[in-house]
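[1] Just the structure for this:
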Amino acid sequence: VRVRGSGKFADQVLDVVSLKAWMPRSGLAVSTAGEVRFAEHAPVLNLEGDWTKFRWPLTGDAFVESASGKYTLAGPLPYAFELTAQAVGPQIPAASFTAAGSIDRQQLMLGRFDGTTLDGRLSGSGRLSWDGDKPWRAQLDGRSLDLAKLRPDLSGRVDIVGDIDGRGFEATAPWTARVTKLSGSLYGRPLTGNGEIAYRDGTFELKRIQVANAGSRVDIDGLWGPNVDLRWSANLKTLALIDPSLHGELVSAGSARGTQARPDVKAEVSVRNLVYGSVTAGSIEADLDIDLADQRDSRVDVQASGVLAGGLQFEAMRLQAKGRVADHDLNLTATSQGDPQRKLAGFKAIFAASGRGDIPARSWAGTLDEATFAFPDGGAKLAQPAALEVGPALMRSAPACLVADDARLCFEGEWQRTPGSWRVLYS
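    Predicted coordinates:
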């Protein structure tokens, strides 16, 4: 830290003409001027100044940063302050604000906070202490906040009333946020909500989280962290609420328990009128009972109708899986009327495979045990099982042959992300 200043002292009064402290590496600079009158218990202040590139904490990952601001500090202890500033942080949207309150040796009392953020208004009050376990709290009232500033595809504005409190200023410090009232509009439809989120020891506790947007509704309760105990119920009239590239409707209810890396998930999912890129589906029904910790057998049953994929229409598809991550069976059936324009006859396809999954590597290796195609005038089937590998860095198929009477079609292939190569052989 470097310091430079000038002033004069007489009759227990320090007249600060100018005083500047700065940290060359970070660019932080604080300047002040005014008067300090030394009294019996604490100085009486009449100071004003400004700062640039302030951050807290001063070292390490910043919780909040302020490019510039100015302040006044006056009176006997506790000192009254006023400030005008801009602020932003990893979890704090950019804001410009004014504030007033008092400060002493143990705490800062924020009597008034008023500013602009998310193209709306935010006001509140609070308290922050640097004594003991450093407790802090704030009451907030937001008006006409623009959701598009948080996610560009979210069209709407909201009002929000709530409070937040915690202990400590580190990123790992515990805190609890409560939304007592959320109201406004999203996609032109009424939006309401409330709930509470607490963070402690790396775990988020969600209590009675409820959000409704016209006919859509989401309810969530439970724990999310290294260990998971989560329950949810959702009825979404538009999947765009989840991802702007998705269209359709979703109804789901379920639970997740265990570890975050390998949870035990039980859920029912129903999707209508799905559109994702060039893939569409009239309906999808899924029944999931999955133990990724492999303490018991898992079961997956997904049925879909009216599916368009790869330019081909499927009347019905069904995927079933049973077993454990390390040893399971997969069965897929698909029925299509074909495509007369491409001279592709209708067919029913049946695939059966067995293998093992590697969750950390997000890969699967196993054997294609059966592949059968039934056409109106005949059929084809897999001559013998073929080894398969599927993962984010490698996809590989051992030689496999489909036979139909005296005809035979054989193929094999491989794709590698690094060095970005692929090959396909057929005969």
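[2] and Val390, what pLDDT?
    In the predicted model, Val390 carries a pLDDT score of 96.
[3] Show me what it bridges to in the sheet.
    Taking DSSP bridges, one finds Trp364, Met395 as the beta-bridge partners of Val390.
[4] ok, it touching Trp364?
    Yes - here Val390 lies in contact with Trp364, judged by Cβ atoms under 8 Å, at a distance of 4.8 Å. Any C-beta I mention is one placed from the backbone N, CA and C, and that applies to glycine too.
[5] ok, Arg272 touching Gly248?
    Yes - judged on Cβ under 8 Å, Arg272 makes contact with Gly248 at a distance of 6.0 Å.
[6] Quick test: name the residue nearest the centre of the chain.
    Taking Cα atoms, centre = their mean as the criterion, Ile242 is the residue nearest the geometric centre of the chain, at 10.2 Å.
[7] Can you report how many residues neighbour the nearest residue to Asp146 once chain neighbours are set aside?
    The shortest distance from Asp146 to any residue other than its chain neighbours is 4.0 Å, reached at Asp119 (Cβ to Cβ, 6 or more residues apart in numbering). Taking other Cβ atoms under 10 Å as the neighbour definition, Asp119 ends up with a count of 13.
[8] swap in the one 5 residues further on?
    Taking other Cβ under 10 Å as the criterion, the count of residues near Gly124 is 20.
[9] Might you report the residue contacts of it?
    Shown in contact with Gly124 (Cβ atoms under 8 Å, 6 or more residues apart in numbering): 110, 113, 138-141.
[10] host element of Leu425?
    Taking DSSP states H and E as the definition, Leu425 sits inside strand 421-426.
[11] what lines up beside that strand in the sheet?
    For strand 421-426, using DSSP bridges, the partner strands are strand 407-416 (antiparallel).
[12] Rounded mean pLDDT for the strand it pairs with, please.
    93.
[13] And Ala29, how far from Ser18?
    Distance, Ala29 to Ser18, by Cβ to Cβ, to the nearest Å: 12 Å.
[14] Compare the two and say which is more crowded by neighbours.
    When neighbours are counted by other Cβ under 10 Å, Ala29 comes out ahead of the other of Ala29 and Ser18, with 17 against 12.
[15] Quickly note the distance from the residue nearest to the more buried one when sequence neighbours are not counted to Asp50.
    Leaving aside its sequence neighbours, Ala29 sits nearest to Trp22 (Cβ to Cβ, 6+ apart; 3.9 Å). With the distance defined as Cβ to Cβ, Trp22 ends up 12 Å from Asp50.
[16] residues bridging contact with the two, i.e. touching both?
    Contact criterion Cβ under 8 Å, 6+ apart; residues shared by Trp22 and Asp50: Val30.
[17] hang on, the earlier thing: just how off-centre is the strand holding Leu425 within its chain?
    Relative to its chain's centre, strand 421-426 lies at 38 Å (Cα atoms, centre = their mean, to the nearest Å).
[18] which residues are in contact with that strand?
    409-416.
[19] Over to stretch 73-84?
    For stretch 73-84, contacts defined as Cβ under 8 Å, 6+ apart pick out 39, 41-48, 69-72, 97-105, 109.
[20] ditto for stretch 307-324
    278-282, 291, 294, 296-306, 328-337, 339, 344.
[21] ok, and for stretch 24-39, which residues are buried?
    Within stretch 24-39, the residues that qualify as buried by neighbour count (16 or more other Cβ atoms under 10 Å) are 28-34, 36.
[22] where exactly do the strands run in the stretch 201-350 of the chain?
    203-213, 216-224, 227-236, 246-259, 263-276, 279-291, 298-309, 312-324, 327-336, 347-358 (DSSP state E, counting those that start in this stretch).
[23] Can you say which of those strands is nearest to Ala383?
    Closest to Ala383 of these, according to Cβ to Cβ: strand 347-358, at 14.5 Å.
[24] Please save the CA atoms from the closest one in PDB.
    Listed in PDB are the C-alpha atoms of strand 347-358, where the atom choice follows Å, rounded to 0.1, in the frame of the first residue of the first chain:
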ATOM      1  CA  PHE A 347     -40.400 -51.500 -41.000                       C
ATOM      2  CA  LYS A 348     -40.200 -52.600 -37.400                       C
ATOM      3  CA  ALA A 349     -36.800 -52.600 -35.800                       C
ATOM      4  CA  ILE A 350     -35.700 -54.400 -32.700                       C
ATOM      5  CA  PHE A 351     -32.300 -53.800 -31.000                       C
ATOM      6  CA  ALA A 352     -30.900 -55.500 -27.900                       C
ATOM      7  CA  ALA A 353     -27.600 -54.700 -26.300                       C
ATOM      8  CA  SER A 354     -25.800 -55.400 -23.000                       C
ATOM      9  CA  GLY A 355     -22.900 -53.600 -21.500                       C
ATOM     10  CA  ARG A 356     -21.500 -51.300 -18.800                       C
ATOM     11  CA  GLY A 357     -21.400 -47.600 -18.200                       C
ATOM     12  CA  ASP A 358     -18.500 -45.400 -16.900                       C
END
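[25] coming back round to it: so among the contacts of stretch 307-324, which ones count as buried?
    280-281, 291, 294, 298-300, 302, 304, 306, 328, 330-336.
[26] Leaving out chain neighbours, which residue sits closest to Ser354?
    Asp329 (5.0 Å).
[27] Phe351 is in contact with that neighbour, correct?
    No - applying Cβ under 8 Å, one finds Asp329 not in contact with Phe351, separated by 11.2 Å.
[28] Can you give me the buried ones in the least confident helix or strand in the chain by mean pLDDT?
    Evaluated with mean pLDDT, DSSP states H and E, the helix-and-strand set of the chain has its lowest mean pLDDT in strand 421-426, which scores a mean of 88. Neighbour counts using 16+ other Cβ under 10 Å place no residue of strand 421-426 among the buried ones.
[29] Check stretch 245-253 too.
    Across stretch 245-253, burial judged by 16+ other Cβ under 10 Å covers 246, 248-250, 252.
[30] So of those residues, which two are at opposite extremes in space?
    Across the buried residues of stretch 245-253, the longest distance by Cβ to Cβ is 13.6 Å; it joins Leu246 and Ser252.
[31] between the strands of the stretch 201-350 of the chain, which one is nearest to Arg189?
    Go through the strands of the stretch 201-350 of the chain one by one with Cβ to Cβ and the one that ends up closest to Arg189 is strand 203-213, at 5.6 Å.
[32] for the record, mean pLDDT for the closest one?
    96.
[33] Would you mark the buried spots in that strand?
    203, 205-206, 209-213.
[34] could these be laid out in TSV, adding distance to Asp405?
    What follows is the buried residues of strand 203-213, written out as TSV (distance: Cβ to Cβ, whole Å):
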residue	distance to Asp405
Thr203	62
Glu205	64
Leu206	60
Ile209	60
Gln210	62
Val211	59
Ala212	60
Asn213	58
